[in-house]
Structure formats: structure tokens, C-alpha cells
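[1] Test case, fold it:
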Amino acid sequence: MRPVLLVIAHGSRDPRHAATVHALTGRVRALRPGLRVETAFLDFNAPTAAQVLSALYADGVRDVVALPLLLTRAFHAKADVPAVLERSRAALPGLSLRVADVLGPSPLLTGALERRLAEAGLRPADRSTTGVVLASAGSSDPEAIAVIAEIAREWRHTGWCAVRPAFASAALPRTEDAVRALRADGARRVVVAPYVLAPGRLPDRIAAGAAAAGADLVAEVLGAAPEVARLLLRRYDAAAPAAALLPALSA
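    I've put the predicted structure just below:
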């Protein structure tokens, strides 16, 4: 039997967050009938990863791929998720626990961003005169910030007038500042593409900043876009056959 896929999301007090995560994992199940897919949260929502793993263990499951539902390798991916999983591994003898890579960067995520902009009303003919703000939640981790900046640079080469990164917290510039900078640079149209997976406080801050600066269009979060669901399965498939077991994560 294939390992169980355990998707570990951040969690939020905003009920839209958990609903979006469950919609995404539901789409993953639909894409891969027969694969057991479970959902857990690091904070604010239930169940926790420890609770799900204990229930799976009691059910006889001994092979699990844990997939952090995160876009970059920042603090949660480097510290929180490994710590949670290490405690469960130590408490559940014989459990084979592999950890998949975080989701980003990936061309599938860029495809999901493009989908959300099109759904919000952006036409292909508008591309060459449109500046895009790639708005992420933000991080104090320099590696994560560099990844967002590189995604913006790469995306710029697909025909946009310009693409600028922005951050809702922990780093600069803010969304409103990036919108104004694109206007000052002469972009005829400025749109905001949230590089976040689910609604919550920081995505709301991105939308508020876009509105305050007069962005022409703000896309929805990535959510349960088909491209994101396919990416989860791609990460699972890469981890399932030959990924290192959990203790190697700390190396």
C-alpha cells in the first residue's frame, strides 16, 4: 500500500483558512482515488499532526508522508514541522515518517497565480502593459525572502510589464508601496497576485494595502486551484519512494 499523505497546514483563527485547506485536500483525493489523505494543523485548528498520527498508528498505519502546506522553507518548515513530527516519531515505534518538500517554488504555483489573475478579470492582451505585485505573507528568514524575489524576477520574463515582490509582514516593501512604485514606473495597469495559500489575517492585509494604493485588480489566494492540488501530489510522489526518514531532517 502507498504511504498515507498527511498535509500539515499552518492554521488560523479565520474559519476560511481551514475551509480552504480542506477544499484543497478534497481536490487531492479526487485526483488520486485510493490514496488516503489526512489534514492537520500546526496551530489554531484541529486536529494537530500528533493527533492524526496517533490515530493513524492506532489504525495500523506505519508509513506516512508528511507534507508541509507551506510555500517557502522558512521557520515553520525548518523548525516547527520537524519538531512536531520528531515528537510523534519518538512516541510511535516503527512508524516510517517521511517529509516532503515545501510547495514552492514551482511552475505549477506560477500557473495557479496566472489562473487567479484571469479569474479576477485580467485579459491576456493586458499582459504587456500590466505591472504585477507578487504579494506574500512575509518572513524574517532571508532564504524565504530571496525565493520570493527570484520568483518575481522569473515571472517578469513571461511578458509582464514588471513584477515586484511585496510582503504583508516581517519584510519590505508592503503591498501598497509596491503598487505605488509600479505606478511611478509607468505601468498602465497594476494588479496584485497574493502568493498565499488560504485566507486569513495576512491575506486580508495584502488586500487592504492593494485597495489603499488603488490597485486595479486583486486576485484571490491560491487556495484549491487545480495546479496546487497537482503540486501536492508531485511532492508526495517525490517523497514516497525514497525520501530520507525523519531523523535526516535535522542533518
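[2] I figured residue 166 hits residue 134, correct?
    Yes - if you go by Cβ atoms under 8 Å, residue 166 and residue 134 touch, sitting 6.9 Å apart. The way it works is simple: take the backbone N, C-alpha and C, and place the C-beta from them, glycine included.
[3] Out of the two, name the residue with the larger neighbour count.
    residue 166 (28 against 24; other Cβ atoms under 10 Å).
[4] so which strand or helix has that one?
    strand 162-167 (DSSP states H and E).
[5] pLDDT of that strand, averaged?
    Averaged across strand 162-167, the pLDDT comes to 98.
[6] List the neighbouring strands of it plus their orientation.
    Strand pairing for strand 162-167, determined by DSSP bridges: strand 130-136 (parallel).
[7] related to what we said a few turns ago, go through the strand holding residue 166 and flag the buried ones.
    Neighbour-count burial for strand 162-167, counted by 16 or more other Cβ atoms under 10 Å, picks out 162, 163, 164, 165, 166, 167.
[8] what sits up against that strand?
    Residues outside strand 162-167 that contact it (Cβ atoms under 8 Å, 6 or more residues apart in numbering) are 131-139, 145, 148-149, 151-153, 155-156, 173-175, 177-178, 181-182, 185, 187, 192, 206, 209.
[9] Residue 30: neighbour count?
    For residue 30, using other Cβ under 10 Å, the count is 10.
[10] my read is it is in a strand, agree?
    No - secondary structure of residue 30 (DSSP: H, G, I helix; E, B strand; the rest coil): helix, not part of a strand.
[11] For the stretch 101-250 of the chain, just list every one of the helices.
    Along the stretch 101-250 of the chain, the segments classed as helices by DSSP state H, counting those that start in this stretch run 107-119, 142-156, 175-184, 201-212, 226-239.
[12] Give the other helices and strands that the fourth one contacts.
    Packed against helix 201-212, as judged by 3 or more Cβ pairs under 8 Å, 6 or more residues apart in numbering; DSSP states H and E, are the following elements: strand 130-136, helix 175-184, strand 189-195, strand 217-218.
[13] Roughly how far does residue 37 sit from residue 176?
    Distance of residue 37 to residue 176, given as Cβ to Cβ, to the nearest Å: 38 Å.
[14] returning to what we had before: identify the farthest-apart pair in the buried residues of strand 162-167.
    For these, the maximum inter-member distance is 17.2 Å, found between 162 and 167 (Cβ to Cβ).
[15] how about TSV for the buried residues of strand 162-167, with distance to residue 105 added?
    Output for these, formatted as TSV (distance: Cβ to Cβ, whole Å):
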residue	distance to residue 105
162	19
163	14
164	17
165	12
166	17
167	16
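[16] hey, what's residue 218 bridged with?
    Following DSSP bridges, residue 218 is listed with bridge partners residue 192.
[17] List the residues that contact it.
    When contacts are counted by Cβ under 8 Å, 6+ apart, residue 218 touches 120, 191, 192, 194, 206, 207, 210, 211.
[18] JSON lines please, covering these and showing pLDDT, neighbour count and distance to residue 33.
    Shown next, in JSON lines, are the contacts of residue 218 (pLDDT from 0 to 100; neighbours: other Cβ atoms under 10 Å; distance: Cβ to Cβ, whole Å):
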{"residue": "120", "pLDDT": "98", "neighbour count": "15", "distance to residue 33": "32"}
{"residue": "191", "pLDDT": "98", "neighbour count": "23", "distance to residue 33": "37"}
{"residue": "192", "pLDDT": "98", "neighbour count": "28", "distance to residue 33": "36"}
{"residue": "194", "pLDDT": "98", "neighbour count": "27", "distance to residue 33": "31"}
{"residue": "206", "pLDDT": "98", "neighbour count": "29", "distance to residue 33": "35"}
{"residue": "207", "pLDDT": "98", "neighbour count": "21", "distance to residue 33": "36"}
{"residue": "210", "pLDDT": "98", "neighbour count": "26", "distance to residue 33": "39"}
{"residue": "211", "pLDDT": "98", "neighbour count": "14", "distance to residue 33": "41"}
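[19] Lovely, talk soon.
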